[in-house]
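J.: Mind looking at a prediction? Sequence and model below.
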Amino acid sequence: MKSDVQPRSDCVFSNVLDLLGDKWTLLVVRDLMFFGKHEYKEFLASPESIATNILSDRLKKLVIAEIAAEKTHPENKSRKYYYLTEKGKALLPMLIEMARWGAIYLPDLERMQGVYAKLKSDPGKVRAAVLRSLRSWERDHI
């Protein structure tokens, strides 16, 4: 599914923000990338408590933008799996850099200490592990 929406600006920052610039979209990408969430109910269980209408909208937006894709669940046709496309996986370096920035400027976030430690020791190893995990899920489900 390809989006027919034309960019509003000649500025790359403006256009990326149009796709990813709200909190909820990036949190859905985060859940797909780092927390192995692939079903609607799993996203709803995230600690940030996304509303159902917002979640539906963000998943649809990510699919239209080809950042994520969907597949009918093999056991229940009314459920779907969501997963990152190659375009979505390409956001990994940006998310890692956001976390590295957070390690410097938001160091007191207790839940992030393990991630911060891994990123300080070897960010490349973190990238490889995330991509390996995503591909493993894909082999089993797509």
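T.: Received the coordinates, thanks. Computed from a predicted structure; not experimentally measured. Residues are numbered from 1 along each chain as shown.
J.: drop to CA atoms for contacts and neighbour counts, all remaining ones
T.: Noted.
J.: residues touching D108, list them.
T.: With CA atoms under 8 Å, 6 or more residues apart in numbering as the criterion, no residue contacts D108.
J.: Am I right that it is in a helix?
T.: No. The assignment for D108 by DSSP: H, G, I helix; E, B strand; the rest coil gives coil, which leaves it out of any helix.
J.: give me the element D140 is part of.
T.: Taking DSSP states H and E as the criterion, D140 maps to helix 123-141.
J.: neighbouring contacts of that helix?
T.: For helix 123-141, contacts defined as CA under 8 Å, 6+ apart pick out 33-34, 36, 83, 89, 92-93, 96, 118-119.
J.: residues of that helix that come out buried?
T.: For helix 123-141, a neighbour-count test (16 or more other CA atoms under 10 Å) marks 123, 126, 130-131, 134 as buried.
J.: Next: stretch 36-50.
T.: Neighbour-count burial for stretch 36-50, counted by 16+ other CA under 10 Å, picks out 36-40, 43-44, 50.
J.: Against K87, how distant is the residue nearest to the spatial centre of the chain?
T.: Residue closest to the average C-alpha location in the chain (CA atoms, centre = their mean): V29, at 1.3 Å. Noted for V29: a distance of 11 Å to K87, by CA to CA, to the nearest Å.
J.: what comes up buried for the longest strand that the chain contains?
T.: In the chain, ranked by residue count with DSSP state E as the criterion, the top strand is strand 76-84. For strand 76-84, the neighbour count (16+ other CA under 10 Å) marks 80-84 as buried.
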